[in-house]
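Student: Next comes the sequence, and after it the predicted model I'd like to discuss.
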Amino acid sequence: MLEVGPLNLFYGDSHIIQDVSISVADGEGVAILGRNGAGKTTLFKGIMNGGPLARGPISHRGSDIVGLPAFARARLGLGLVPEDRRIYRHLTVSENIQMGRHAVRPGTQPYALEEVLEFFPMLRDLKDRQGFELSGGQQQVLAIARTIFSRPDCLLLDEPTEGVAPVIVQDIARQLSLMRKNNGTTLLLTEQNVWFARSCTDRVYLLDSGRIVFSGSWDEFDADAGLKTRYLAV
Ligand SMILES: Nc1ncnc2c1ncn2[C@@H]1O[C@H](COP(=O)(O)OP(=O)(O)OP(=O)(O)O)[C@@H](O)[C@H]1O
Ligand SMILES: [Mg+2]
């Protein structure tokens, strides 16, 4: 169980995330929807200790992680796929994937490269290419593969479909759903693509101007048509 909040996050004097509480049970899939600037990336950075100043509790599988640096949070099983992907431009696809070993938990074996290529067959044909030779969508798949390599028990994906072609979006949705089903991986993702978010999660939070303005099942989300028009750019 990942338990966050009430959490407040600050950039200097700017109070970006305000009293946000989120919990994700083991094996659960949860989406956080919100338009540009809602605070999605800031929230994930706060959970990983990757920038903003944080006030409030955060625990993962019963361990208090407040005060731990980002790499220590990763080694407790939290795997972030950052919005900007951070692919190593001059390393090959295979080498990029294996960079994920830095986040391996003590006592856990990372996946074999072959297993990761099995999850994302499209990377197999690209495995000797360098990072800068990939399309944006291919880089996104690679960023996910690199994070999965270390076998995180909770995967945090920050807008994984942004700028990604529909056929690759479908592929990512299928693979994430399989990871949940076969490995019990917990999934927390931020999105603006409602179709994608729904296809791989069980329930949804809506974030607007740094606050949670809705929390419920997808059925409850659908029942209130005003939510989309008020809080999402659709
Ligand atoms: N490093 C920073 N310093 C100061 N303010 C920041 C910083 N990063 C983000 N912000 C501000 O925090 C707010 C939330 O930004 P954030 O990037 O978390 O939104 P987001 O929901 O991820 O948006 P997007 O969908 O565009 O990725 C915005 O008002 C943004 O200008
Ligand atoms: Mg963002």
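Tutor: Perfect, thanks for sending it. Ligands and ions are numbered 1, 2, ... in the order given.

Student: what about this protein, any weak spots by pLDDT?
Tutor: The model of the chain has pLDDT under 70 over residues 234.

Student: Could you tell me which residues make contact with the closest residue to ligand 2 within the chain?
Tutor: Per Cβ to the ion, Thr41 is where the chain lies closest to ligand 2, at 3.1 Å. Using the backbone N, CA and C atoms, a C-beta is placed for each residue, glycine as well. Thr41 sits next to 83, 158-159, 190 when contact means Cβ atoms under 8 Å, 6 or more residues apart in numbering.

Student: Swap in 10 Å and give it another go.
Tutor: 16, 50-52, 82-84, 158-159, 190 (Cβ atoms under 10 Å, 6 or more residues apart in numbering).

Student: Repeat that for Glu114.
Tutor: Arg124.

Student: same deal with Glu115?
Tutor: 148-149, 151.

Student: Give me the helices and strands touching the longest helix along the chain, please.
Tutor: When the chain is parsed with DSSP state H, its longest helix is helix 166-183. Contact partners of helix 166-183 among helices and strands, from 3 or more Cβ pairs under 10 Å, 6 or more residues apart in numbering; DSSP states H and E: strand 29-33, helix 113-119, helix 136-149, strand 154-158, strand 186-191, helix 194-200.

Student: Distance to ligand 1 for those - can I get that in CSV?
Tutor: Putting these into CSV (distance: least, Cβ to the nearest ligand atom, whole Å) gives the following:
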stretch, distance to ligand 1
strand 29-33, 9
helix 113-119, 26
helix 136-149, 14
strand 154-158, 7
strand 186-191, 7
helix 194-200, 13
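
Student: any idea which residue sits dead centre in this protein?
Tutor: For the chain, the residue nearest the mean C-alpha position is Leu157 (1.4 Å; Cα atoms, centre = their mean).

Student: Now do the contacts for the residue nearest to it when sequence neighbours are not counted.
Tutor: Excluding the flanking residues, the one nearest Leu157 by Cβ to Cβ, 6 or more residues apart in numbering is Leu189, at 4.1 Å. For Leu189, the contact set (Cβ under 10 Å, 6+ apart) comprises 29-33, 40, 44, 81, 155-161, 176, 196-197, 200-201.

Student: buried stuff in stretch 190-204?
Tutor: For stretch 190-204, the neighbour count (16 or more other Cβ atoms under 10 Å) marks 190-194, 196-204 as buried.

Student: then that stretch to CSV, C-alphas only?
Tutor: Taking Å, rounded to 0.1, in the frame of the first residue of the first chain, the C-alpha atoms of stretch 190-204 are listed here in CSV:
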residue,chain,number,x,y,z
THR,A,190,-1.2,10.4,-14.3
GLU,A,191,-2.9,11.1,-17.6
GLN,A,192,-5.0,13.3,-19.8
ASN,A,193,-5.9,10.4,-22.0
VAL,A,194,-9.1,9.1,-20.4
TRP,A,195,-9.4,6.0,-22.6
PHE,A,196,-5.8,4.9,-21.8
ALA,A,197,-6.2,5.6,-18.0
ARG,A,198,-9.4,3.7,-17.8
SER,A,199,-8.1,0.7,-19.8
CYS,A,200,-5.4,0.0,-17.2
THR,A,201,-6.7,1.2,-13.8
ASP,A,202,-9.6,0.5,-11.4
ARG,A,203,-10.4,4.0,-10.2
VAL,A,204,-9.6,7.6,-10.6
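
Student: re earlier: among the contacts of Thr41, which ones are in strands?
Tutor: 16, 158, 190 (DSSP state E).

Student: Can you name the residues of this protein that neighbour ligand 1?
Tutor: Residues of the chain lying close to ligand 1 by Cβ under 6 Å from any ligand atom are 11, 14, 16, 34, 36-42, 83, 159.
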